[in-house]
Each structure stands twice: as structure tokens, then as C-alpha cells.
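Trainee: My questions are about this predicted structure, shown below with the sequence.
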Amino acid sequence: MKILARQLTLDLYNCDTNRLGSFDEIKDTLKSVVGSEPRITSEFINEGHCSIIGAFDKGHIALHVYKELRYVAVDIFTCSESDDPEELAKVIRKFFRPDKIKSTFLKRGDFGLEREIKPKIKVRVAPLRRVKNAGAKVVKKLVRRGK
């Protein structure tokens, strides 16, 4: 099945502290990874959190760097079949040198069978509602016994 895009998400834990504060080096690494010249913007959310987004012709890379936590969240989105998000991820992993990595691969725009596209709906009854229903049942049984 042909898909429109691929998305790879990475959680990088216990990263090298020397790499987390050098935002110019992070931007240079992103530029070297993409091949084409990405449009990179960065913003300091607060002292310990920075957001870096690199947009390029066929996708984007987004990083959220949490220096104090030594954690980096990465999203790599590619729209081209020739681009491999795993190749981009290897360079990013090599740069940050994490102790632990969690990655998730998503196929975006996979128009499979219609039954696979429909959202699955779960109905959950809250515990308080169950208590009210149980109380009502007990009262009904007591009223019947009293007759």
C-alpha cells in the first residue's frame, strides 16, 4: 500500500550534557543531515526548554530539548519515498549520545480498507456513575421486598 508520508518519533533519555546547551551546534547538525537547506527556527520556551524546528522541501524535523532533564524529543516527518527518516535519526542519536532511546514509526496517509480508517470508539463509565447505578438497584430491591 502506498503511503503519503513517514513519521519517526524519538525519545532520547540521559543525553550528553555538553551537547544539550550548544544550540548552534544542534542547528548545524540539522543542516548537515537534511541535504537541502532547511529553514530553521528556534525558540527558548524557558531556561531549561528549547524548541528547534527545521522545515525542508519534503518534510520537517522538530526537536524539544530539555537541558535539566537531559531529554530530547524528536519528530522526523518525510513526504518523499526516497527519504529515510532512520538515516536522519542516526545522525541525531550520534550527536546527542543518549543512554536510552524509544522510537516509534508511523505511516501517515495510509488509506487502507475503510474499516481500518474508521475511529474506534470506547465508552467508559465513570466509577461515580457505577456507584449511583448500584445504589439505585439496591433501593429498588428493598422497595420490592417491602411490598
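Mentor: Arrived safely.

Trainee: residues touching the residue nearest to residue 44 when sequence neighbours are not counted, list them.
Mentor: Leaving aside its chain neighbours, residue 44 sits nearest to residue 50 (5.3 Å; criterion: CB to CB, 6 or more residues apart in numbering). (C-beta placed from N, C-alpha, C; glycine too.) For residue 50, the contact set (CB atoms under 8 Å, 6 or more residues apart in numbering) comprises 23, 42-44, 64-65, 67.

Trainee: same deal with residue 13?
Mentor: By CB under 8 Å, 6+ apart, the neighbours of residue 13 are 70-71, 98-102.

Trainee: cool, and residue 145?
Mentor: No contacts exist for residue 145 under CB under 8 Å, 6+ apart.

Trainee: for the protein, which spans come out with low pLDDT?
Mentor: 1-3, 33-38, 42, 81-83, 110-133, 146-147 (pLDDT under 70).

Trainee: Please repeat the previous calculation with a cut-off of 50.
Mentor: In the predicted model, the chain carries pLDDT under 50 at residues 123-126.

Trainee: so where do the helices sit in it?
Mentor: Secondary structure of the chain (DSSP state H): helices at 17-20, 23-34, 85-96, 114-117, 127-146.

Trainee: residues near the residue nearest to residue 95 when sequence neighbours are not counted, how many?
Mentor: Spatial nearest neighbour of residue 95, chain neighbours left out: residue 29 (4.9 Å); criterion: CB to CB, 6+ apart. Residues lying near residue 29 (other CB atoms under 10 Å) number 19.
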